[in-house]
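Trainee: my questions concern the predicted model and sequence given below.
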Amino acid sequence: MTFLYRVIVARENPEQAYDAVLKVWTPKNQWKEFMNAQLKKAKIPFEVK
């Protein structure tokens with residue numbers, strides 16, 4: 001996922017990176033869970049809602 005790469009690897013601001021996601025896709029259910037689990041694992045304080 002480009003969002004997770006940008007936030008975890010490239011250390012971009014999660015709010016800005018997520019805004020870009022929302023322009024083309026709205027993650028639901030398992031995708032939200034997956035993204036939040038990866039952010040938590042990387043200790044990034046952001047929640048996909």
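Mentor: Done, it's in.
Trainee: tell me where the protein has helices.
Mentor: 2-4, 14-22, 29-41 (DSSP state H).
Trainee: ranking these by burial, who's on top?
Mentor: Mean neighbour count (mean count of other C-beta atoms under 10 Å) peaks for helix 2-4 among the helices of the chain, with a mean of 16. The C-beta positions use only the backbone N, C-alpha and C, and glycine is treated the same way.
Trainee: what residues does it touch?
Mentor: 17, 18, 20, 21, 35, 38, 39 (C-beta atoms under 8 Å, 6 or more residues apart in numbering).
Trainee: next one, pLDDT for the last one please.
Mentor: At residue 39 the predicted local distance difference test score is 98.
Trainee: so what's the nearest residue to residue 13 once chain neighbours are set aside up against?
Mentor: Closest residue to residue 13 apart from its sequence neighbours, by C-beta to C-beta, 6 or more residues apart in numbering: residue 7 at 8.0 Å. By C-beta under 8 Å, 6+ apart, the contact list for residue 7 reads 13, 14, 17, 39, 42, 44, 46.
Trainee: residue ranges with poor pLDDT in the chain?
Mentor: By pLDDT under 70, the chain contains no weakly predicted segment.
Trainee: hang on, the earlier thing: of all the contacts of residue 7, which comes closest to residue 1?
Mentor: Relative to residue 1, the closest of those is residue 17; by C-beta to C-beta it sits at 10.2 Å.
Trainee: ok, that closest one - contacts?
Mentor: Per C-beta under 8 Å, 6+ apart, neighbours of residue 17: 3, 6, 7.
Trainee: same check, this time on residue 9
Mentor: By C-beta under 8 Å, 6+ apart, the contact list for residue 9 is empty.
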